[in-house]
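> need the 3D shape of this:
(chains A and B)
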Number of protein chains: 2
Amino acid sequence: MMKSNGVKILDCTIRDGGLVNNWDFSVDFVRDTYEALNAAGVDYMEIGYKNSPKLVDADSAGPWRFCEDEFIKTVIPEKKLTKLSAIVDIGRVDPDDFVPRSESPIDMIRVACYLKDIDKALDLIESFHALGYETTVNIMAVSNSISSHLVDALQKIEESPVDVAYVVDSFGSLFNRDIEDLVKLFKEHAPSKRLGIHTHNNLQMAFANTLCGINLGIEFLDTSVFGMGRGAGNCQTELILGHLTASRYDMKPILKLIDERFVALREEVEWGYNTAYALTGLFNEHPRSAIAMRKTEDKDRFFNFFNKLTSVETHSDIQ
Amino acid sequence: MMKSNGVKILDCTIRDGGLVNNWDFSVDFVRDTYEALNAAGVDYMEIGYKNSPKLVDADSAGPWRFCEDEFIKTVIPEKKLTKLSAIVDIGRVDPDDFVPRSESPIDMIRVACYLKDIDKALDLIESFHALGYETTVNIMAVSNSISSHLVDALQKIEESPVDVAYVVDSFGSLFNRDIEDLVKLFKEHAPSKRLGIHTHNNLQMAFANTLCGINLGIEFLDTSVFGMGRGAGNCQTELILGHLTASRYDMKPILKLIDERFVALREEVEWGYNTAYALTGLFNEHPRSAIAMRKTEDKDRFFNFFNKLTSVETHSDIQ
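Model (predicted):
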């Protein structure tokens, strides 16, 4: 067990899990999740994306992809200790959709971006910050970024008003020593920022990397109930709650929620570690090919999948 | 990826996996496993227990629980690069069953024991050593042992002829820092011995703890194909092979073996991480209650299981 001075758990089940079931969660499901997270002492619940219906195909996904304030107020009429966050994507968000935090049920806005979009991300963060929101910047695919580009971005982050800078293992390809290297870089070039970590479980390293992050002083820990998240999923909320000794945390409400909600959902849709995700993780690739392969009748042909991932046809174009 | 100077992979699928299916593997299955491990460059294959049919209920388990020399010779008539090991349990082994190594297909005998049986284990090891076998001592349930008792045992190990002393995480309850503490103790009190590590995946730490062990200089790594082993299973052979850079290792034959053999077997019998095993791991308990619970209709009632594990009835007797 581990002391947990100052850590904050941010459960992103509905948001990252929505990538698995196209955000097809009922209002009751999300409400039960909020109640359980609150009873468990979880600090934040990420209730979805706050993208603009004008900028994405609005008919094809549930309301958790847009998180309109008035709708969220009907879902959670009385907010308790657990704060709410929502994430936005560059190019899919309209800053005019946002009212001041004092009028919104949302407390924190997180901006996900690729390294090349860091300026756009920080412009957005400035506007959210001015409206009173807590903010984070989550640079995706950092395992594929060039170190000098990351340093440039971190220097801009240091000068911005953003509250938290996240280490994001988009491909689930990082090991403890990679987390150590990244945290060192983040601390060197953005020393005034609080840090967060978002892991994926392709190599069964999501929990281990999160623990490594805690030891390095990372404060914000992304987790999800039953590990629900894209592909191999995330670090399990229940494992972190069970491991940390802080008296405000209690894993029992999450176990109850798993029994009542997530076991059945897992029968319907697939997420979590399997060998295909391990292979994209080992190759430091986006999991999309593994996700696609798991929806075919060849879903358990891992040798075949390995050969596709390493074939000349796939890779000769990047010589 | 990681350098792998000097590590040895010991695949224990048939032995630890036999605890899942009562050693009900066909000869063809075991032969295919040997061929694949050999093609993958795996250093040792543990082909089962070498217990005495006189001392266990011989009718109730497959031949991999006894590993009689003449039978093993018919299974693997021509041994290649991969060596064979077998494990024995204190009280279930008869030293008179063993011929000299030069006449046996088995290269290494491993002795599993609880701390209280260390003298019996080292007596056995002395006799196996005299017959020419490589030997290891695997102290089980070390996470529940008292440090001074472990130190006493390690001092005896240091004075014995055993080749390898194993750090065994029987309950899957250890984290990196526990592995660090144990390795420190092993190195201090048994400095001349080579070290091994055997992990379980209750907390999804099997791979991470094995990597931690490599960094600490552990040489012998226990793994199993598709993670097959008791309860939450072991560190996956395919993950270790994929991660280590040694040119003698190749994960492809193991992927092929998984596709052809282990996917179907996993449909028939259950092993691997789930929340019940996480709970016994968190509580540092033997997984037997979780294994039993997974065979009932309440197999997904994790909240209920948590309550049983923490009830006064279960624990008041040890005050």
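
> and stretch A:84-103, how far out from the chain middle?
Counting by CA atoms, centre = their mean, to the nearest Å, stretch A:84-103 is centred 16 Å from the centre of its parent chain.

> with just CA atoms, put it into CSV.
The C-alpha trace of stretch A:84-103 is given here as CSV (Å, rounded to 0.1, in the frame of the first residue of the first chain):
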residue,chain,number,x,y,z
LEU,A,84,-16.7,17.3,-13.1
SER,A,85,-14.3,17.6,-16.0
ALA,A,86,-14.7,17.5,-19.8
ILE,A,87,-12.1,17.2,-22.5
VAL,A,88,-12.0,19.0,-25.9
ASP,A,89,-10.2,18.2,-29.1
ILE,A,90,-8.4,20.8,-31.3
GLY,A,91,-10.6,21.6,-34.3
ARG,A,92,-13.7,20.1,-32.8
VAL,A,93,-14.4,22.7,-30.2
ASP,A,94,-16.0,26.1,-30.4
PRO,A,95,-14.9,28.5,-27.5
ASP,A,96,-18.2,30.3,-27.9
ASP,A,97,-20.0,27.3,-26.5
PHE,A,98,-18.5,28.0,-23.0
VAL,A,99,-20.2,30.0,-20.3
PRO,A,100,-18.3,31.1,-17.2
ARG,A,101,-17.5,28.3,-14.8
SER,A,102,-19.8,29.8,-12.2
GLU,A,103,-22.7,29.1,-14.5
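
> can you give me the buried ones in that stretch?
Neighbour-count burial for stretch A:84-103, counted by 16 or more other CB atoms under 10 Å in any protein chain shown, picks out A:L84, A:S85, A:A86, A:I87, A:V88, A:D89, A:I90, A:R92, A:V93, A:D97, A:F98, A:R101. C-beta here means a position set from N, CA and C on the backbone, and glycine is covered the same way.

> test my guess that the third one contacts A:C67.
Going back to what we said before, that points to A:A86. Yes. Contact criterion CB atoms under 8 Å: A:A86 and A:C67 qualify, at 4.6 Å.

> which secondary structure element of chain A has the lowest mean pLDDT?
helix A:312-315 (a mean of 58; mean pLDDT, DSSP states H and E).

> quick one, helices of chain A?
A:13-21, A:27-40, A:69-75, A:118-130, A:147-159, A:176-189, A:206-215, A:237-243, A:252-257, A:263-268, A:275-282, A:288-293, A:302-309, A:312-315 (DSSP state H).

> need these in CSV (columns: distance to B:W271).
CSV is the format used below for the helices of chain A (distance: least, CB to CB, whole Å):
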stretch, distance to B:W271
helix A:13-21, 24
helix A:27-40, 29
helix A:69-75, 39
helix A:118-130, 43
helix A:147-159, 40
helix A:176-189, 26
helix A:206-215, 19
helix A:237-243, 19
helix A:252-257, 21
helix A:263-268, 17
helix A:275-282, 14
helix A:288-293, 22
helix A:302-309, 17
helix A:312-315, 33
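
> JSON lines for those helices, including mean neighbour count?
Putting the helices of chain A into JSON lines (neighbours: other CB atoms under 10 Å in any protein chain shown) gives the following:
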{"stretch": "helix A:13-21", "mean neighbour count": "23"}
{"stretch": "helix A:27-40", "mean neighbour count": "19"}
{"stretch": "helix A:69-75", "mean neighbour count": "14"}
{"stretch": "helix A:118-130", "mean neighbour count": "18"}
{"stretch": "helix A:147-159", "mean neighbour count": "15"}
{"stretch": "helix A:176-189", "mean neighbour count": "17"}
{"stretch": "helix A:206-215", "mean neighbour count": "24"}
{"stretch": "helix A:237-243", "mean neighbour count": "25"}
{"stretch": "helix A:252-257", "mean neighbour count": "24"}
{"stretch": "helix A:263-268", "mean neighbour count": "13"}
{"stretch": "helix A:275-282", "mean neighbour count": "26"}
{"stretch": "helix A:288-293", "mean neighbour count": "17"}
{"stretch": "helix A:302-309", "mean neighbour count": "18"}
{"stretch": "helix A:312-315", "mean neighbour count": "10"}
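
> ok, now which ones touch the closest residue to A:A40 other than its chain neighbours?
Distances taken as CB to CB, 6 or more residues apart in numbering or on different chains put A:P253 closest to A:A40, at 4.5 Å, once the chain neighbours are dropped. Residues near A:P253 by CB atoms under 8 Å, 6 or more residues apart in numbering or on different chains: A:E35, A:A36, A:L37, A:A39, A:A40.

> any shared contact partners between A:A86 and A:C67?
Joint contacts of A:A86 and A:C67 (CB under 8 Å, 6+ apart) are A:I47, A:G48, A:Y49, A:K50, A:I106.

> of all these, which comes closest to chain B?
A:I47 (23.7 Å; CB to the nearest CB).

> burial count for that closest one?
Neighbour count for A:I47, taken as other CB atoms under 10 Å in any protein chain shown: 28.

> same deal with A:S247?
With other CB under 10 Å as criterion, A:S247 counts 8.

> show me what from the stretch 201-319 of chain A comes close to chain B.
A:201, A:203-208, A:211-212, A:226, A:236, A:238-239, A:242-243, A:251-252, A:255-256, A:258-259, A:263, A:273, A:275, A:278-279, A:282, A:300-304, A:306 (CB under 8 Å from any CB of the partner chain).

> one more time with 7 Å, if that's ok
Within the stretch 201-319 of chain A, the positions adjacent to chain B are A:203-205, A:207-208, A:211, A:238-239, A:242-243, A:252, A:255-256, A:258-259, A:263, A:275, A:278, A:282, A:300-303, A:306 by CB under 7 Å from any CB of the partner chain.

> ok, now which ones touch whichever residue of the stretch 101-250 of chain A sits closest to chain B?
Residue nearest to chain B within the stretch 101-250 of chain A: A:A208 (3.4 Å; CB to the nearest CB). Contacts for A:A208 (CB atoms under 7 Å, 6 or more residues apart in numbering or on different chains) come out as A:N176, B:M205, B:A208.

> dump those residues into JSON lines; add distance to B:I125 and pLDDT as well.
Formatted as JSON lines, the contacts of A:A208 follow (distance: CB to CB, whole Å; pLDDT from 0 to 100):
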{"residue": "A:N176", "distance to B:I125": "34", "pLDDT": "97"}
{"residue": "B:M205", "distance to B:I125": "29", "pLDDT": "98"}
{"residue": "B:A208", "distance to B:I125": "30", "pLDDT": "98"}
